[in-house]
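**Student:** just the structure for this:
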Amino acid sequence: MIAAGKWRKGMVKHLLYRLYEGRLFQEVQGGELPRHIGLILDGNRRYARAHGYSNILEGHRRGADKLEEVLNWCEELEIRMVTVWIFSTENTSRSQEEVDGLLELIEKKMYEIALDPKVHRKRMRIRAIGKMELLPPSTVKAIREAEEATREYDGFFLNVAVGYGGRQEIADAVAAMVRDKSEKSIPLDRIIDEISIDEIGKYLYTDDLPDPDLIIRTSGEVRLSGFLLWQSVYSEYYFCDAYWPVFRKIDFLRAIRSYQQRERRFGA
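**Tutor:** Got it, this is the predicted structure:
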């Protein structure tokens, strides 16, 4: 009897969740949707610890599976550009075992993407942004294969921030701009005079991408940690308490609803 009661309660809870999810979906579907979403996939390690996994990499594996699910939610709403932060410049300071395991997981996923029929059916283009020099050759090779296999697609755009840091991106952009102009024998005084927001923007990793409209961070941390530091100046932010591996569809839809309820001023 007790087991039957728990089962009925579980079924009722599941039904109510589905009804609420459906209502939320219809609500946000009728509003203005972000064109470009940034995702900070935070909380994989804490999820693994909270669930008693002996290997912290299990959290990262669960997080990788969750990303595929969230991309499907974006596709349902016809949000066609997503940028995800999966490996930061600071991540290199973690234990060698975790770094090696995380990079191995990234390589595996990149090779899977290159061969995944669903990716090709959806015409999903993969693009990596970050300082590739920080990554081992095997990781770079896997990334380049995924990029090359999807280079001609324009149905959905997935930008993968790997070896990425916002300050590093700006420093790299300024250095590339100065180097480019120096190679053209432009005098230093003129280089200084030509420095502008638009000029620096041409040398960012994301120079030909629209800025993100909405950035979502999971795990309860209320900060950007340098994610798309330059590009997010006018983005809307949504911080969710759930760890990334257990980020639910209603969490995602609430983030979209919150975005729709704001008046975007773009600094005005």
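
**Student:** what about Tyr238, which helix or strand?
**Tutor:** Per DSSP states H and E: Tyr238 is located in strand 236-239.

**Student:** neighbouring strands of that strand in the sheet, and parallel or not?
**Tutor:** Strand 236-239 has the following strand partners under DSSP bridges: strand 214-217 (parallel).

**Student:** on that earlier part again, avg pLDDT for the strand holding Tyr238?
**Tutor:** The pLDDT scores in strand 236-239 average 98.

**Student:** what residues does that strand touch?
**Tutor:** Strand 236-239 has contacts (Cβ atoms under 8 Å, 6 or more residues apart in numbering) with 34, 213-217, 220-222, 224, 254-255, 258-259, 262, 264. Backbone N, C-alpha and C define where each C-beta goes, glycine included.

**Student:** hey, C-alpha coordinates of the helix or strand following it in PDB?
**Tutor:** Downstream of strand 236-239, the first helix or strand assigned by DSSP H and E is helix 249-260. These are the backbone C-alpha positions of helix 249-260, laid out as PDB (Å, rounded to 0.1, in the frame of the first residue of the first chain):
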ATOM      1  CA  LYS A 249      13.300  22.300 -19.300                       C
ATOM      2  CA  ILE A 250      11.200  24.400 -16.900                       C
ATOM      3  CA  ASP A 251      14.400  26.100 -15.700                       C
ATOM      4  CA  PHE A 252      15.200  26.900 -19.400                       C
ATOM      5  CA  LEU A 253      11.700  28.200 -20.100                       C
ATOM      6  CA  ARG A 254      11.800  30.300 -17.000                       C
ATOM      7  CA  ALA A 255      15.000  31.900 -18.200                       C
ATOM      8  CA  ILE A 256      13.400  32.700 -21.600                       C
ATOM      9  CA  ARG A 257      10.300  34.100 -19.800                       C
ATOM     10  CA  SER A 258      12.500  36.300 -17.600                       C
ATOM     11  CA  TYR A 259      14.200  37.600 -20.700                       C
ATOM     12  CA  GLN A 260      10.900  38.400 -22.300                       C
END
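
**Student:** could you list the residues in contact with helix 249-260?
**Tutor:** Applying Cβ under 8 Å, 6+ apart, the external contacts of helix 249-260 come out as 17, 20-21, 24-25, 27-28, 31-34, 70, 73, 77, 213-214, 216, 218, 236, 238, 240, 242.

**Student:** of those residues, buried ones?
**Tutor:** By neighbour count, with 16 or more other Cβ atoms under 10 Å, these hold 24-25, 28, 33-34, 70, 73, 77, 213-214, 216, 218, 236, 238, 240, 242 as buried.

**Student:** give me the pLDDT value at Phe266.
**Tutor:** Looking at Phe266, its pLDDT reads 79.

**Student:** how about the nearest residue to it once chain neighbours are set aside, secondary structure?
**Tutor:** Closest residue to Phe266 apart from its sequence neighbours, by Cβ to Cβ, 6 or more residues apart in numbering: Tyr234 at 4.7 Å. Secondary structure assignment for Tyr234 (DSSP: H, G, I helix; E, B strand; the rest coil): coil.

**Student:** Tyr234: how many residues sit nearby?
**Tutor:** Using other Cβ atoms under 10 Å, Tyr234 has 13 other residues around it.

**Student:** and it, what does it touch?
**Tutor:** Contacts of Tyr234 by Cβ under 8 Å, 6+ apart are 211, 264, 266-267.

**Student:** also Asp213?
**Tutor:** Applying Cβ under 8 Å, 6+ apart, the residues near Asp213 are 34-37, 235-236, 259.

**Student:** buried subset of those?
**Tutor:** Among the contacts of Asp213, those buried by neighbour count (16+ other Cβ under 10 Å) are 34, 36-37, 235-236, 259.

**Student:** which one among those gets closest to Ile113?
**Tutor:** The closest of the buried ones among the contacts of Asp213 to Ile113 turns out to be Ile37 (Cβ to Cβ; 18.6 Å).

**Student:** skipping adjacent residues, who's closest to Val178 in space?
**Tutor:** Excluding its sequence neighbours, the residue lying closest to Val178 (Cβ to Cβ, 6+ apart) is Ile191, at 6.1 Å.
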